[in-house]
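Engineer: need a structure here:
(chains A, B and C)
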Amino acid sequence: MGVRFRYLGAVRRPEPHPVPERAPSEWSAARVRAFRRSLLRFFEARKRDLPWRRTRDPYAVLVSEVMLQQTRVETVIPYFRDWMVRFPTPQALAEAESDEVLRAWEGMGYYARARNLHQAVQEVAARYGGTIPDDPEELETLPGVGAYTAGAVASIAFGVAAPAVDGNVRRVLSRLADDPGPSVGQLRLWAARLVDPSEPGAFNQGLMELGSLICTPRAPDCEGCPVARFCASREAGTQEERPRPRERRPVPTVWEAVAILLDRPTRRRTPGTARQWRVDGLTSVLVRKRLGRGLLAGMWELPGREVSSKGRASAEVVDLAKELLVRLGRNPGGVISEDVTALPPLDHAFSHRRMRYLPFLLCLGRSTEREGRPLGAVKGGAVKDGGQELVELRWVGQEEAQDLPLPVAQRKLLDQLWDQRAAEGSAQMGQIAISGSRP
DNA sequence: AACTCGGGGTT
DNA sequence: AACCCAGAGTT
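Structural biologist: As a prediction, this is how the structure comes out:
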């Protein structure tokens, strides 16, 4: 690498070593080697002790990488540990029930990842005899495995010199090149040029570790950065502006009326006060399974209906309850408005939508029963009708609900129902009173 | 290239 | 409240 110069007016002065060719794809071989050395030394010295770094089992690496998609390391750690105990091998996962897999994923979000991972190991069993492939292109044919995850698994588990560009790497490279918005292809090219051919796994993890610990989105620690001398943004003082944040659309708020149908809880009337019901863990609550695609696909939830205004909520809930009772083969006339009790609303934020759940308690009595029709006659089993996937309904008690995969907000709603014991304080064990006012 | 798809920690 | 996280799939 020769000494190069830049002209500043009439003054000619040497650039600081090394040469600031901005895009890593333009870097000299010597500069690339020096960068790799510095980064690998940093990773060796500073790498965190993470559960998935204690193994090179390709299955464990795959599980960790899928869990880490858009999810923080600290969040993933306990899920990864539990997962590897419950599903220690690809075979164990492949043979598991869908609900059990989703339940183990509950709380991490992006539930398509769990469904895809489940399907991926089944494909590995069918197509590769249970052995996870080492070729990034073959890895990428598995559901839920994209360019990043394929490169990460190939490099970390198998030592294949493939690039792996995640959010951290994108930020690091954008700053190294002082480019506000490099394209996906550009980033991939840079990462492929830089990746260390003999230790690709450590190198890729080193780039991510750097982005996570040093080259952070805000207030990066350039003083403590092992590759600061390679960084064009550092030289230009633009590191805080790289990469340029993408524009976001405003997040809409959606109201949803939720029907908490309780099957024949014990009712008690206290003169002069609000009506009260006694609800214990054995009281059945009606839940439904969401469709296999779209938001929260395959998860269970309390039945609900989007409402345009808060005032319509209780009426919509009564309508919904009657429809559900018809589908369950029971008498919809048994639902009357004075059975409806409004509970406190619950706000829940998705990244692209804000929800306000308006829960209503409906206590179903004897009048909704029909002769010769035992309680809970409709259970389990997805109903198909002319190829159309219909909603699966199920009555569950507290115990059964524990095993169902539920979105966080739905879990909160149900827990509140059964946790009133703590709030109420005075109730006997196993029996709780829920009181509320009529809407 | 622009959306959708969760949930939570940081600032 | 905005931002973003070891992204993938769909349109």
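Engineer: how about residue A:403: what's its closest non-neighbour residue?
Structural biologist: residue A:103 (6.3 Å; C-beta to C-beta, 6 or more residues apart in numbering). All C-beta atoms are positioned from the backbone trio N, CA, C, and that covers glycine.
Engineer: the one you found touches residue A:401, doesn't it?
Structural biologist: No. Look at residue A:103 against residue A:401 with C-beta atoms under 8 Å: they stay out of range, at 10.9 Å.
Engineer: mind checking the end-to-end distance for stretch A:231-239?
Structural biologist: Chord length of stretch A:231-239, first to last residue, is 9 Å (C-alpha to C-alpha, to the nearest Å).
Engineer: interface residues of the stretch 51-200 of chain A facing DNA strand B?
Structural biologist: Listed as neighbours of DNA strand B in the stretch 51-200 of chain A under the rule C-beta under 7 Å from any atom of the strand: A:70-72, A:74-75, A:107-112, A:183-184.
Engineer: and for the closest residue to residue A:368 other than its chain neighbours, the neighbour number?
Structural biologist: Among residues not flanking residue A:368 along the chain, residue A:334 sits closest, at 3.2 Å (C-beta to C-beta, 6+ apart). By the criterion of other C-beta atoms under 10 Å, residue A:334 has 17 neighbours.
Engineer: quick one: residue A:334 from residue A:313, how far?
Structural biologist: 21 Å (C-beta to C-beta, to the nearest Å).
Engineer: again, but for residue A:302
Structural biologist: Going from residue A:302 to residue A:313 by C-beta to C-beta gives 14 Å.
Engineer: higher neighbour count, those two?
Structural biologist: The residue with more neighbours, out of residue A:302 and residue A:313, is residue A:313; 25 against 22, by other C-beta under 10 Å.
Engineer: worst-scoring helix or strand of chain A, pLDDT-wise?
Structural biologist: Within chain A, no helix or strand scores below strand A:5-8, which has a mean of 30 by mean pLDDT, DSSP states H and E.
Engineer: what sits against the residue positioned nearest the centre of chain A?
Structural biologist: With distances taken as C-alpha atoms, centre = their mean, residue A:109 lies nearest the centre of chain A, 2.1 Å away. Contact analysis of residue A:109 by C-beta atoms under 8 Å, 6 or more residues apart in numbering lists A:70-71.
Engineer: which one of the residues in the stretch 101-250 of chain A is closest to DNA strand C?
Structural biologist: residue A:146 (2.5 Å; C-beta to the nearest atom of the strand).
Engineer: would you check that my belief about that residue contacting residue A:152 is correct?
Structural biologist: No. The criterion here is C-beta under 8 Å, and residue A:146 misses it with residue A:152 at 10.1 Å.
Engineer: neighbour count winner among those two?
Structural biologist: A count of neighbours by other C-beta under 10 Å puts residue A:152 above the other of residue A:146 and residue A:152, at 29 against 11.
Engineer: which of the helices or strands spans the more buried one?
Structural biologist: Using DSSP states H and E, residue A:152 maps to helix A:147-158.
Engineer: which residues of the stretch 51-200 of chain A fall in strands?
Structural biologist: Under the criterion DSSP state E, counting those that start in this stretch, the stretch 51-200 of chain A carries no strands.
Engineer: show me where it has helices.
Structural biologist: Ranges of helices in the stretch 51-200 of chain A, per DSSP state H, counting those that start in this stretch, are A:58-67, A:73-86, A:90-95, A:98-105, A:112-128, A:136-139, A:147-158, A:167-176, A:184-194, A:200-213.
Engineer: quick one: closest of those helices to residue A:328.
Structural biologist: helix A:98-105 (20.9 Å; C-beta to C-beta).
Engineer: ok, residues contacting that closest one?
Structural biologist: Residues from elsewhere that reach helix A:98-105 (C-beta under 8 Å, 6+ apart): A:79, A:82-83, A:86-87, A:93, A:111, A:113-115, A:117-118, A:298-299, A:403-405.
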